[in-house]
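please find the sequence and the predicted model below.
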Amino acid sequence: MMSAFVLVVALSLPLVQEPHESGSLPEVESCQVEVMGERLLLRSDLLSESRTLRVHVPAAYATTDSRYPLLLVFDGEVHFEHVAASAAFLAAQAAIPELIVVAIHNTDREADFTPADLELPGVPIRRAERFADFLEQELVPFLEKRYRTAPLRIGLGHSHGGLFVTWALAARPSLIDWAIVLDGPAHHREGWIARRLIGQLAEDADRRGSLLCIDRSFGWREEDWRLLESTAPVTFPVWRSKLPSESHQSLALPGSYEALRKAFQDFAPSFEPGTSLEEIERAYRLLSARYGYEVLVPMPRLLEAIDDLIWAGRSAPALELIERVRGRQESHQLDWLESRAREVLEVGPPRESVDALLALEPPSERDIEEYLGRWRGVIEAPTPITVELELSLDQGRVVGTLTTLAVGGLPVEREPEPLVLLRRLGDGSVQWGVMNGKRPRAIVGTRVWAVGSDRLEGEQEMLGVVLPPRLRSQVRPTPVWMERQPDK
């Protein structure tokens, strides 16, 4: 009969302060030490002992009804904090899905992690099979009942724990879907564990899963890894890397972070600012087949989509999306975005959208003739930016580039940026623009007038977006001047 007890969630400690003189460092009014997640004590009938577990759930767990993949961390007393922190950080950046992290503490790690058929020096007791029974028949059912888990299970093991995870991937295919192995010794007994996994994959051409290894001192023999790569089905990708600058022990922290990123490398597709929500949702739906559960668009991506709509002046669909997202998960950022959307709703859309500006035909040679050539000058931002503009003819078409030469007086090496906007306006001025390299999706436009034949003066501003009223009084066009340069 299993039972679990929550021992500690958070501790509040009294604060002890040394007397100090007036004018010295300020006093701390309170101090609280918090423990990350839950610590449980689970009684196992199969092991005839109790095991300590530490569990970390996503930050939004209490405010949603979503289900989350399960990450089982072995040697939990050593690796829980850094793995849970890495998983939470990466999920906050929408680089990986949010995970439920469960760390299992050891009582006799060599015995639990060593299969009976793998004889190793100094390991007289080998009971990996019984430990796997505990995981399959007691721990996982308990976790699935207590937490909202998705049907994707990942095992992470370092060193001897990695040996066990590799063995479990072969011997207990229903226990672990994906394996992260950090410097696990798969070379023992002439690659006995490695060959067992290769044999299992050769027999199951439809096996779905993944193996990711990061090595330093141990790992796979080269001939075994080559055989694995040639045997593993396309539905079971394998990947290996090395961290030679780390020690066997220190590899665990950067290795787990890097392996999590690699395991979910397709979870963070690159979206251009302004990508429609429909296209974003379509990309995440495609992941569901590989991951084996319904993959929802991460909250950071939804917030970006709302923000893009607001900047584009599309407040009505932004407000609709805010209400839709609220039905899934509360976020304090939604209130701020709603406030912005309502302000922009009163202002209306931009005079010209980004797409409309991008669709403009370039001017004719006659319209732009006196501006052809090279111009160099400064954008008088708080940190001045030295730039060079080049306007030329290419097969009868006027084309241009803008190159950043220095920032704050310090030289920089940048590739020329193609102009996405170039036109002659009715008042005789010329306006050009390059895409804003970050959010919001906008064109950084520069409008200048000729002052004599060799000097241009004007200003730079963002085009194709709407500034909320509260920002309009704070944002002013940036002065720009340029002087004609001799031909190269």
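All right, it came through fine.

what residues are bridge-paired with the residue lying closest to Thr478 once chain neighbours are set aside?
What sits nearest to Thr478 in space, not counting adjacent residues and going by Cβ to Cβ, 6 or more residues apart in numbering, is Gln460, at 4.5 Å. C-beta coordinates here come from the backbone N, C-alpha and C atoms, glycine included. Taking DSSP bridges as the rule, Gln460 bridges to Thr446, Thr478.

count of residues packed around Thr52?
16 (other Cβ atoms under 10 Å).

for Leu253, see how far away Asp183 is.
According to Cβ to Cβ, to the nearest Å, Asp183 and Leu253 sit 12 Å apart.

thought the residue nearest to Thr478 was touching Gly445?
Yes: at 6.8 Å, Gln460 and Gly445 qualify as touching, with contact defined as Cβ atoms under 8 Å.

for these two, indicate the residue with more neighbours.
Neighbour tally, Gln460 and Gly445, criterion other Cβ under 10 Å: the higher count belongs to Gly445, 23 against 20.

could you point out which element follows the helix or strand that contains Ala305?
Per DSSP states H and E, Ala305 falls inside helix 299-311. As assigned by DSSP H and E, the chain's next helix or strand after helix 299-311 is helix 315-326.

list the buried residues of that next one.
Applying a neighbour-count criterion of 16 or more other Cβ atoms under 10 Å, the buried positions in helix 315-326 are Ser315, Pro317, Ala318, Leu319, Leu321, Ile322, Val325.

try stretch 325-335
Of the residues in stretch 325-335, those scored as buried under the neighbour-count criterion (16+ other Cβ under 10 Å) are Val325, Arg328, Ser331, Gln333, Leu334.

all strands of the stretch 1-150 of the chain, in order?
With DSSP state E, counting those that start in this stretch, the ranges of strands along the stretch 1-150 of the chain come out as 4-11, 33-44, 49-56, 68-73, 100-104, 149-158.

mind listing what the fourth one pairs with, with the direction of each?
Based on DSSP bridges, the pairing partners of strand 68-73 within the sheet are strand 100-104 (parallel), strand 149-158 (parallel).

I'd like the average pLDDT over the helix or strand where Glu338 lies.
Glu338 is part of helix 332-347, with elements assigned from DSSP H and E. pLDDT averaged over helix 332-347 equals 90, rounded to a whole number.

and if you look at stretch 54-68?
Across stretch 54-68, pLDDT averages out at 90.

which residues are in contact with it?
With contacts defined as Cβ atoms under 8 Å, 6 or more residues apart in numbering, stretch 54-68 is touched by 36-40, 76, 80, 84, 87-88, 91-92, 97-103, 105, 147-150, 293, 296, 299, 328-330.

using neighbour counts, trim those to the buried set.
36-40, 76, 80, 84, 87-88, 91, 97-103, 105, 147, 149-150, 296, 299, 328.

skipping adjacent residues, who's closest to the spatially most central residue of the chain in space?
In the chain, the residue lying closest to the centroid (Cα atoms, centre = their mean) is Ala95, at 2.0 Å. Using Cβ to Cβ, 6+ apart and skipping residues adjacent in sequence, the residue nearest Ala95 is Ala268, 4.9 Å away.

now for the residue nearest to Thr478: which residues touch it?
By Cβ under 8 Å, 6+ apart, the contact list for Gln460 reads Ile379, Val444, Gly445, Thr446, Arg447, Pro477, Thr478, Val480.

what about the residue nearest to the fifth one when sequence neighbours are not counted, neighbour count?
Leaving out its chain neighbours, the residue that sits closest to Arg447 by Cβ to Cβ, 6+ apart is Gln431, at 4.4 Å. Counted with other Cβ under 10 Å, the neighbours of Gln431 add up to 19.
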